[in-house]
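Q: Following is a predicted model, sequence given first.
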Amino acid sequence: MTYRFKKFEGKKLAFLYMIYVGVIMLIFSPIFVFSISKSDANIGATFGIILTIAMPLFYGVFTYLFSRVLFWFFNILLDKFNGFEIELEAINLKSTDKDIKGEDIFSST
């Protein structure tokens, strides 16, 4: 099967990418910020809390903006070159009711 991509939905893809980057930053920014803010306890803790909140927001907003520009530019290229084609092959997956050890999953024990 051959498919042709003619346009990408910039808003949806940029929003999904923004959410992805924001979640990753929420996970890793506290580790990064609190590891560099150990010099002064009061200033470091306040600075760390502010940066832990601000970094994911900052990265999320700028990720959204730059990915919107990227998808806009990519759509211009797709219009100019009439999209791009991708060939996919359909495969048949044989359904089995056995686990890795070869034992029947649905057997009653």
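A: Looks like it arrived, so ask away. Numbering: from 1, shown residues only.

Q: how far out from the middle of the chain is the top helix by length along the chain?
A: The residue-count maximum for a helix in the chain (DSSP state H) belongs to helix 41-80. The chain centre lies 13 Å from the centre of helix 41-80; the measure is CA atoms, centre = their mean, to the nearest Å.

Q: So for residue 18, what's the nearest residue that isn't a sequence neighbour?
A: Leaving aside its chain neighbours, residue 18 sits nearest to residue 64 (4.1 Å; criterion: CB to CB, 6 or more residues apart in numbering). All C-beta spots, glycine's among them, are computed from the backbone N, C-alpha and C.

Q: what do you get for residue 89?
A: Looking at residue 89 with CB to CB, 6+ apart, the closest residue is residue 1, at 7.3 Å.

Q: Would you mind measuring from the one you found to residue 86?
A: Computed as CB to CB, to the nearest Å, the residue 1 to residue 86 distance reads 9 Å.

Q: between those two, who's got more neighbours?
A: The neighbour comparison of residue 1 against residue 86 (other CB atoms under 10 Å) goes to residue 86, with 10 against 7.

Q: show me the contacts for the more buried one.
A: For residue 86, the contact set (CB atoms under 8 Å, 6 or more residues apart in numbering) comprises 2-5.

Q: cool, and residue 26?
A: For residue 26, the residues meeting the contact criterion (CB under 8 Å, 6+ apart) are residue 56.

Q: isn't there a helix covering it?
A: Yes - counting by DSSP: H, G, I helix; E, B strand; the rest coil, residue 26 is part of a helix.

Q: Point to the residue nearest the middle of this protein.
A: What sits nearest the mean C-alpha location of the chain, by CA atoms, centre = their mean, is residue 20, with 3.9 Å.

Q: Does it belong to a helix, a strand or coil?
A: Classification of residue 20 into helix, strand or coil gives helix, according to three-state DSSP.

Q: Under the pLDDT cut-off, which ranges of this structure? List them.
A: Residues of the chain that meet the criterion pLDDT under 70 lie in 33-45, 92-109.
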